[in-house]
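**Q** Sequence first, then the predicted structure, then my questions.
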Amino acid sequence: QDSWSTFKDHFLQAQDQSVPMGTKSSKGARRPAWLNKELLGKLKWKKRIYGSWKEGLVTWEEYRTVVRGCREAIRKAKASLELNLASQVKDNRKGFFKYIANKTNTRGNIGPLMNEVGALETEDIKKAEVLNAFFASVFTPAGFPQEPLIPIAPEEVRIKEEFALVDEDWVRDQLSNLDIHKSMGPDGMHPRVLRELAEVIAKPLSIIFTKSWATGEVPEDWRIAKVTPVYKKEDPGNYRPVSLTSIPGKVMEQLVLGTISRHIKDEGVIKSSQHGFTKGKSCLTNLIAFYEEITRWIDDGRAVDVVYLDFSKAFDTVSHSILVDKLIKYGFGDQVVGW
């Protein structure tokens, strides 16, 4: 925690001193993205020509020529913007969907929400409290009743030697590949700044990651998230929480994830029948395997009944104690389990 706090203070100080800050004017904030300065000048010129036509200083045909020119310039500006957004959608999905959202009639404002006593809340702070209470209620802190896990004999567990030091080059590569269009976390560290300073901050971050990995201590900033409710329906149960967390914390999570993934792959923990949360597999591969099995049974003249089960908010209700027990069962050491 102390190492992280020192690094964060120096980073934010340098960021505040070096990164220029600007504010949009109220007029600029209302302008569409395709309205550049050149086009704005043409529209102002059209307005002046209109005034001149009203005073009889120019002919109607001259004014119409200017109008047609402005209309064509607007069409080209919109087409150019949309073409650029479409061509860059892989690297800048945020800008693409922001433009799409501005073209639709729906807005992201959250409407009145019903609290636990059935009353509608209209104030922003009250609506935030309703959503916060619901999101917290979904989380399951305690484990569910379960059968005790059967311990694995020591000779059956082949625990790989877990690394003691976090490689500086790995941290540098992770920082260099950050998506600069992503939002920053609550710690105020922007991914653009982190990527630009990858060569400088890779060393101190690798030291912090190593300490966190060795001690199992997670800095407080990495535990904090800005939660944005994504609209579905009026009931707070139909809002999906999207969390913005610390970018360096996410890099460390990739490190832990890589260690876990290598271990379960080497030890054959994940069965071939699992498609969810498995690299290279998806709902599509699951459906293909499912249809293959079903059609084979039908071809054999067998009756087939299919039952679908859907776990409501399954990810939010994962029992932490059961998860830790499973990590221990599958041979993970103190570093992974502790972190």
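**A** That came through fine.
**Q** How about residue 254, nearest residue that isn't a chain neighbour?
**A** Using C-beta to C-beta, 6 or more residues apart in numbering and skipping residues adjacent in sequence, the residue nearest residue 254 is residue 174, 6.5 Å away. C-beta: built from backbone N, CA, C; applies to glycine.
**Q** Next, count neighbours for the one you found.
**A** 21 (other C-beta atoms under 10 Å).
**Q** Would you agree it is in contact with residue 251?
**A** Yes: using C-beta atoms under 8 Å, residue 174 is in contact with residue 251, at 4.9 Å.
**Q** give me phi/psi at the residue nearest to residue 254?
**A** phi -60, psi -40 (degrees, to the nearest 10).
**Q** for residue 241, same thing?
**A** With angles defined as degrees, to the nearest 10, residue 241 sits at phi -80, psi 130.
**Q** Which residues lie in contact with residue 36 in this structure?
**A** residue 77 (C-beta atoms under 8 Å, 6 or more residues apart in numbering).
**Q** can you tell me the helix or strand for residue 200?
**A** Counting by DSSP states H and E, the element that carries residue 200 is helix 198-215.
**Q** and that helix, what other elements does it pack with?
**A** helix 2-18, helix 168-176, helix 247-266, helix 334-338 (3 or more C-beta pairs under 8 Å, 6 or more residues apart in numbering; DSSP states H and E).
**Q** Indicate which one of those helices is closest to residue 216.
**A** For residue 216, the closest of the helices and strands packed on helix 198-215 is helix 334-338, at 3.1 Å, according to C-beta to C-beta.
**Q** Show me what the closest one is in contact with.
**A** 162, 213-216, 256, 259-260, 263, 324, 327-328.
**Q** cool, stretch 69-76 as well?
**A** 34, 39, 42-43, 46.
**Q** Taking the contacts of helix 334-338 together, which two end up most distant?
**A** Maximum pairwise distance among the contacts of helix 334-338 (C-beta to C-beta): 20.4 Å, between 215 and 263.
**Q** who has more neighbours, those two?
**A** residue 263 (20 against 12).
**Q** low-scoring pLDDT stretches of this protein, where are they?
**A** Where the chain drops to pLDDT under 70, the residues are 22-30, 104-109, 138-164, 232-237, 312-317.
**Q** Please parse it into its domains.
**A** For the chain, automatic domain parsing gives the domain ranges 32-101, 118-269+309-338.
**Q** now the ones you listed in TSV, with distance to residue 300?
**A** Formatted as TSV, the domains of the chain follow (distance: least, C-beta to C-beta, whole Å):
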stretch	distance to residue 300
domain 32-101	45
domain 118-269+309-338	25
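**Q** Out of those domains, flag the one nearest residue 2.
**A** For residue 2, the closest of the domains of the chain is domain 118-269+309-338, at 9.4 Å, according to C-beta to C-beta.
**Q** any idea how far that closest one is from the chain center?
**A** Here domain 118-269+309-338 is found 12 Å from its chain centre; the criterion is C-alpha atoms, centre = their mean, to the nearest Å.
**Q** thinking again about what came up before, going along the chain from the helix holding residue 200, find the next helix or strand for me.
**A** helix 220-223.
**Q** buried ones in that following helix?
**A** Across helix 220-223, burial judged by 16 or more other C-beta atoms under 10 Å covers 221-222.
**Q** Tell me which residues are up against the helix holding residue 200.
**A** 3-4, 7, 11, 164-172, 175-176, 194, 217-219, 248, 251-252, 255-256, 335, 338-339.
**Q** What remains of those if I keep only buried residues?
**A** 3-4, 7, 11, 166, 168, 170-172, 175, 194, 218-219, 248, 251-252, 255, 335, 339.
**Q** Provide the backbone phi and psi angles at residue 244.
**A** The phi/psi pair for residue 244 (degrees, to the nearest 10) is phi -100, psi 120.
**Q** residues in contact with the spatially most distant residue from the centre of the chain?
**A** Most distant from the centre of the chain: residue 56, at 58.4 Å, with distances by C-alpha atoms, centre = their mean. Contacts for residue 56 (C-beta under 8 Å, 6+ apart) come out as none.
**Q** What is the three-state secondary structure of it?
**A** coil (DSSP: H, G, I helix; E, B strand; the rest coil).
**Q** how close does it get to residue 62?
**A** 12 Å (C-beta to C-beta, to the nearest Å).
**Q** Next: residue 205.
**A** Residue 205 is 64 Å from residue 62, where distance means C-beta to C-beta.
**Q** Those two: which has the busier surroundings?
**A** It is residue 205, of residue 205 and residue 62, that has more neighbours when counted by other C-beta under 10 Å, with 25 against 13.
**Q** Give me the neighbour count for residue 249.
**A** By other C-beta under 10 Å, neighbour count at residue 249 equals 21.
**Q** wait, it sits on residue 185?
**A** Yes: if you go by C-beta under 8 Å, residue 249 and residue 185 touch, sitting 7.2 Å apart.
**Q** hey, what's in contact with both of these two?
**A** residue 221.
**Q** what sits against residue 10?
**A** For residue 10, no residue meets the contact criterion (C-beta under 8 Å, 6+ apart).
**Q** So that it lines up with my notes, have the first residue be 31 from now on.
**A** With the count now opening at 31, the last piece we talked about shows up as residue 40.
**Q** any idea how far residue 199 is from the residue lying closest to residue 228 once chain neighbours are set aside?
**A** In this structure, residue 228 finds its nearest non-sequential neighbour in residue 205, 3.8 Å apart by C-beta to C-beta, 6+ apart. Applying C-beta to C-beta, the value for residue 205 to residue 199 is 11 Å.
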